[in-house]
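Asker: give the three-dimensional model of this entry:
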Amino acid sequence: MENKSERWCVMSFTRIEDILDGRCEGKHISVRGWVYRKRESKDIVFFIIRDATGIVQCTVRKDSSAWADAKRVTIESSVTLSGTVKKDERAPGGFEVPVDQLKIVGLAETFPITKDQSEEFRRNVRHLWLRSRRMNTIMKVRSETLRFVHEFFRKKSFIEVSPPMFISSACEGGATLFGLKYFDKDLYLTQSAQLHLEALIQSLEKVYCVAPSFRAEKSRTIRHLAEYWHVEAEEAFSTMDDLMCLEEDLVSHVCQNVAKQCRKELKALEVDAGKLAKVKAPFNRITYDEAVEKLRKKNFKIKWGEDFGFNEEKALAEELGPLFVYAYPKKIKAFYCKTYRENPEMVMSVDLIVPNIGELSTGGAREDDKKELLKRLEEFGLRQEDYEWYIDLRKYGTVPHTGFGLGVERLLAWILDLENIIDTIPFPRTTRRFYP
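Answerer: Residues are numbered from 1 along each chain as shown. Below is the predicted model:
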């Protein structure tokens, strides 16, 4: 009779990081991965083998049964191999595996990426460039950053929710909407989960999501993507002070944990962990009026009522470090922003600005009064019938509430001192780039 509890186990493989940590010296181990580098002489073949965790040098001698396959194998071929680990200071990572068994799993054709290839070429073959040590390392930091984001919100008792990607009306503005055919209807890809998160706080009070957003912006800059990942949060019964405290605590939590727990990756990317460890709340806070005054003193020709561009944001952050700019003119912010009742031309909107990147997040208080919301919709030329469900939230138990949206890729670009936001996401989508 078959024993259903019996388990058939495949061959056990050692992770390369365990070899490099010195846990396997003198042990006979098996490794699987890809040929990262290859060099050969008359009597010996040197390989650098990579897996998800690192790279290690392996050698095959002419008198080995693995010699024929060692001569045949090519860069990026997938292999399994076995051998006894020995310490060798000359080898990358300080350890070497003399191979006694080698099996070619997938023999690669000539790999198209070489060290002389241009950055543009590497982006055109992104599906292959992701194998590079640099992209491997960036993706690991991205994963850890998202883990810290989730960890932070869970500790703050926020509940993760799943908003829709298809929407029937704009959140930020019609000019940046991606339209599509949804069966026989015209719909759009979401610009932000904000409006739907506002519905969820009426039940759950504190909610957040990490999800894609889409903006059809024609901007061709180092900090814009057409598809990006958005950390968004909404909180009932909250104030602007609550919001700014939440944001600065989140960013501080992420930066300090990356500094502490991603040391190996930061070293590989030549990022100063000490700089990240110094990112601590509270951040500086200034009003829009104060920001304009500061910029004029720096010889910026900015008129009151104009929004800030990258150069203005960069100048402010160079002086003050990470900072909040709040209390913006109503005409440059979205319809849902709550006005200051004592000064209705200004809204409770706040941007978090950081060095080298500029705007990292935008948030604020949402208009919670039905009459005021209807007035704002009319001012923006938006049809009331498109927002009936959103208006319902003000009809049935409305509460003061705030929220924000933060771009994951901008946060990563700032943390890792990356020149272009394209390098923070596996498959970037821009005005010109949508393949692979």
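
Asker: and for the closest residue in space to residue 106 that isn't next to it in sequence, the neighbour number?
Answerer: Excluding the flanking residues, the one nearest residue 106 by C-beta to C-beta, 6 or more residues apart in numbering is residue 78, at 4.2 Å. Every residue, glycine included, has its C-beta placed from N, CA and C. Counted with other C-beta atoms under 10 Å, the neighbours of residue 78 add up to 16.

Asker: need the contact partners of the least confident helix or strand in the chain by mean pLDDT.
Answerer: Using mean pLDDT, DSSP states H and E, helix 119-124 stands out as the lowest-scoring helix or strand of the chain, at a mean of 92. With C-beta atoms under 8 Å, 6 or more residues apart in numbering as the test, helix 119-124 has contacts from 113, 129, 132, 422, 428, 433, 435.

Asker: ranges for the strands of the stretch 251-400 of the chain?
Answerer: Along the stretch 251-400 of the chain, the stretches classed as strands by DSSP state E, counting those that start in this stretch are 284-287, 323-329, 339-340, 343-354, 358-365.

Asker: export these as a markdown table, with columns for mean neighbour count.
Answerer: Below are the strands of the stretch 251-400 of the chain laid out as a markdown table (neighbours: other C-beta atoms under 10 Å):
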| stretch | mean neighbour count |
| --- | --- |
| strand 284-287 | 16 |
| strand 323-329 | 22 |
| strand 339-340 | 16 |
| strand 343-354 | 21 |
| strand 358-365 | 23 |
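
Asker: could these go into JSON lines alongside distance to residue 69 and mean pLDDT?
Answerer: Compiled in JSON lines, the strands of the stretch 251-400 of the chain are given as follows (distance: least, C-beta to C-beta, whole Å; pLDDT from 0 to 100):
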{"stretch": "strand 284-287", "distance to residue 69": "61", "mean pLDDT": "98"}
{"stretch": "strand 323-329", "distance to residue 69": "59", "mean pLDDT": "98"}
{"stretch": "strand 339-340", "distance to residue 69": "72", "mean pLDDT": "98"}
{"stretch": "strand 343-354", "distance to residue 69": "51", "mean pLDDT": "98"}
{"stretch": "strand 358-365", "distance to residue 69": "51", "mean pLDDT": "98"}
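
Asker: check contacts around residue 103.
Answerer: Counted by C-beta under 8 Å, 6+ apart, residue 103 has contacts 69, 79-81.

Asker: quickly list what it is bridged to.
Answerer: Residue 103 has these beta-bridge partners by DSSP bridges: residue 80.

Asker: what's the burial count for the nearest residue to residue 205 once chain neighbours are set aside?
Answerer: Counting by C-beta to C-beta, 6+ apart, residue 205 lies nearest to residue 236, which is 4.6 Å off, once chain neighbours are set aside. The local packing of residue 236 (other C-beta under 10 Å) involves 21 other residues.

Asker: and residue 236, how far is that from residue 29?
Answerer: Counting by C-beta to C-beta, to the nearest Å, the gap from residue 236 to residue 29 is 55 Å.

Asker: same question, residue 256
Answerer: 36 Å.

Asker: what's the answer for residue 293, then?
Answerer: Distance from residue 293 to residue 29, by C-beta to C-beta: 65 Å.

Asker: remind me which residues of the stretch 301-436 of the chain are low pLDDT?
Answerer: Along the stretch 301-436 of the chain, segments meeting pLDDT under 70 are nowhere present.

Asker: how about the helices in it?
Answerer: 310-320, 370-379, 388-395, 408-415 (DSSP state H, counting those that start in this stretch).

Asker: where exactly do the helices run in the stretch 101-250 of the chain?
Answerer: 119-124, 126-129, 133-155, 194-204, 240-261.
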